[in-house]
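Undergrad: Build me a model:
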Amino acid sequence: LLRQMAVQVASGVHPFTLDLMTPRRVLLIDLENSARQTRRKLRALALAAGPHLEPAMLIVECRPEGLDLLLPEDRAWLDRIIGHHRPDMVVTGPIYKLSGGNPNDETEAKPAAMWLDKMRASHDIALILEAHTRKSETANPRHRSKEPFGWSGWMRWPEFGIGLSKAQHP
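TA: The predicted structure is shown next:
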């Protein structure tokens, strides 16, 4: 979904209404997949966008090893890459790969959230984060938690969230 949103915004298609809009420069930082995997997943979306997607509007960086925003060198990398490409929107995640320690520990996750807030403010960007939900504690997937995996602050941090789940039929 986030890759699709990135391609649509870069192509000038509103990701929810499908109305035409001014294309925006998007930086997609994939923290899970290799460059090869990400290219393969983006190929169909780019083909669907056709000539509406100018290559300079969608910048893709892959760091399957993740980012540890507690480390000065990873903070500097993120600041540098955003400053260099000057995107309007950054799409990244999953959030558990934004710090190197225990994703449930506030002392490790909160500084990552604070650094992301600093990036949003200093670079004037929209930021979209991928978050995984916790595994179900029951055998019934209908009762799977919608809370993001990791520090509870992630539930308060975004301005809004979108969850995906299988359609339930009565």
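Undergrad: Now for Gly83, how many residues are close by?
TA: A count of nearby residues for Gly83, using other Cβ atoms under 10 Å, gives 11. To be clear about C-beta, it is placed using only N, CA and C from the backbone, and glycine gets the same treatment.
Undergrad: contacting residues for the residue nearest to it when sequence neighbours are not counted?
TA: In space, and not counting its chain neighbours, Gly83 is closest to His123: 6.8 Å by Cβ to Cβ, 6 or more residues apart in numbering. By Cβ atoms under 8 Å, 6 or more residues apart in numbering, His123 lies in contact with 82-83, 86-87.
Undergrad: separation between His123 and Val90?
TA: Distance, His123 to Val90, by Cβ to Cβ, to the nearest Å: 8 Å.
Undergrad: For these two, list the residues in contact with both.
TA: Ile82.
Undergrad: Helices of this structure, start to end?
TA: 2-11, 35-49, 72-85, 106-123, 153-156 (DSSP state H).
Undergrad: how much does the first one deviate in direction from helix 35-49?
TA: Interaxial angle of helix 2-11 relative to helix 35-49 (axes from the mean of the first three to the mean of the last three Cα atoms, to 10 degrees): 50 degrees.
Undergrad: Please export the C-alpha coordinates of helix 2-11 as CSV.
TA: Output of helix 2-11 as CSV, limited to C-alpha atoms (Å, rounded to 0.1, in the frame of the first residue of the first chain):
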residue,chain,number,x,y,z
LEU,A,2,2.8,2.5,0.9
ARG,A,3,4.7,1.8,-2.3
GLN,A,4,1.4,2.4,-4.3
MET,A,5,0.8,5.6,-2.4
ALA,A,6,4.4,6.7,-3.1
VAL,A,7,4.0,6.1,-6.9
GLN,A,8,0.6,7.8,-7.0
VAL,A,9,1.7,10.9,-5.2
ALA,A,10,4.9,11.1,-7.4
SER,A,11,2.6,10.6,-10.5
